[in-house]
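Student: structure, please.
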Amino acid sequence: MSVLVVVECDGGEVKKSSLEVASYGSQVAQMLGTTATAVAVGEATEANLAKLGEQGISKVLYDAEPRLKDFVNGAYTKLIAAAAEKESALVIVLANSNIGAAVGSRLSVRLQASLATNVVELPKNNGGSFTVKRGAFSGKAFADVVLSGDRKILAVKKNSIEALHEAGKTAQVESFSASLSDADFTDAPKQVVMQDQAGGVLLPEADRVVSGGRGMKGPENWHLIEELAQALGAATACSKPVSDVDWRPHHEHVGQTGITVSPNLYIACGISGAIQHLAGVNSSKVIVVINKDPEAPFFKAADYGIVGDVFEVLPKLTQAVKELN
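Tutor: Reported below is the predicted structural model:
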């Protein structure tokens, strides 16, 4: 029972969430007494793919088809399915990302595989079936599900598994062709716009996030958010009301109807903490709330809270971070 890991790449780099997935997949392979092979999607370099050996990957399959640089659902699905057939993989591991969510369901149908999303722990092997713990109800509960099919697909929640780093190990990078045709790219986007955050940090992949709400009082004050984010090497985000009034672009909107994030650090500035916003950030390892209203609901979910005016607190916090750095 071999294990295939889907590794997402962007700008030549392997995404952090995919390093976690590679570590997860290699641990599943070890549990099953086999090896883990990765298939790379997106724009990658051979040198960075070889470094996946540090996460326990033995071999990486890479199709250099230039049209695979950007996400195309049909083409990515066919590529991963072809890799699974080539490696006789009965377990496929991918990130619970936008790409993983889109591809996972298609793969499940194409390969007639059992699928578990939002996975937060290594599976328990029941002699053929897996018992998998997954997050449910926007992270408010957990469910143990049993995957009994011959093939199993596990979509791992970001920041739920720590990435392994075994220095010096390298993976073999192997050219691979899924024999894709023009028809596989019929659902390709006509235009691809990369939404980089401050400092070039992509919000879904960010390890730290600084977010602002209506308490910032207007877009002219957003430099306070950006300065702290730059000092921390963080991405910037906002609440839904902020994006609704066009203070910030919609791709920065975090919440149940926006982007779901799972950073190690989430700093909420002037955000009251509506339940829809909490649903998008409650998987963060540490939540810091800055609000002048001591009764703001967000304080109930915070690990650390500062009751104070964001216009006084943020400059001092930014200066403290700069001095620490």
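Student: buried stuff in whichever helix in the chain runs longest?
Tutor: Ranked by residue count under DSSP state H, the longest helix found in the chain is helix 16-32. Across helix 16-32, burial judged by 16 or more other CB atoms under 10 Å covers 16-29, 32. In short, each C-beta sits where N, CA and C put it, glycine included.
Student: then stretch 146-160?
Tutor: Buried, per 16+ other CB under 10 Å, within stretch 146-160: Leu147, Gly149, Arg151, Lys152, Ile153, Leu154, Ala155, Val156, Lys157, Lys158, Asn159, Ser160.
Student: now, the most widely separated pair of those residues?
Tutor: Using CB to CB, those span at most 27.4 Å, a distance reached by Gly149 and Asn159.
Student: and the chain, what are its domain boundaries?
Tutor: The chain breaks down into these domains under automatic domain parsing: 2-185, 198-324.
Student: can you redo those domains as a markdown table with mean pLDDT?
Tutor: Shown next, in a markdown table, are those (pLDDT from 0 to 100):
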| stretch | mean pLDDT |
| --- | --- |
| domain 2-185 | 93 |
| domain 198-324 | 93 |
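Student: the helices in the stretch 1-150 of the chain, which residues?
Tutor: Counting by DSSP state H, counting those that start in this stretch, residue ranges of the helices within the stretch 1-150 of the chain are 16-32, 46-50, 73-86, 98-111.
Student: for this protein, what's the longest strand?
Tutor: strand 2-14 (DSSP state E).
Student: buried set for it?
Tutor: Per 16+ other CB under 10 Å, strand 2-14 contains these buried residues: Ser2, Val3, Leu4, Val5, Val6, Val7, Glu8, Cys9, Asp10, Val14.
Student: quick check: the gap between the closest residue to the fifth one other than its chain neighbours and Asp244.
Tutor: Think Val6. Nearest non-adjacent residue to Val6, counting by CB to CB, 6 or more residues apart in numbering: Leu94, 3.8 Å away. Taking CB to CB, to the nearest Å as the measure, Leu94 falls 32 Å from Asp244.
Student: comparing those two, which residue is more hemmed in?
Tutor: Per other CB atoms under 10 Å, whichever of Leu94 and Asp244 has more neighbours is Leu94, with 29 against 13.
Student: am I right that that one is in contact with Gly104?
Tutor: Yes - the pair Leu94 / Gly104 is scored as a contact, 6.2 Å apart, by CB atoms under 8 Å.
Student: need the overlap of contacts for the two.
Tutor: Contact with both Leu94 and Gly104 is made by residues Ile153, Ala155, according to CB atoms under 8 Å, 6 or more residues apart in numbering.
Student: tell me, how many residues neighbour Glu166?
Tutor: 11.
Student: element containing it, please.
Tutor: For Glu166, there is no enclosing helix or strand under DSSP states H and E.
Student: repeat that for the one 3 residues further on.
Tutor: When elements are assigned from DSSP H and E, Lys169 belongs to no helix and no strand.
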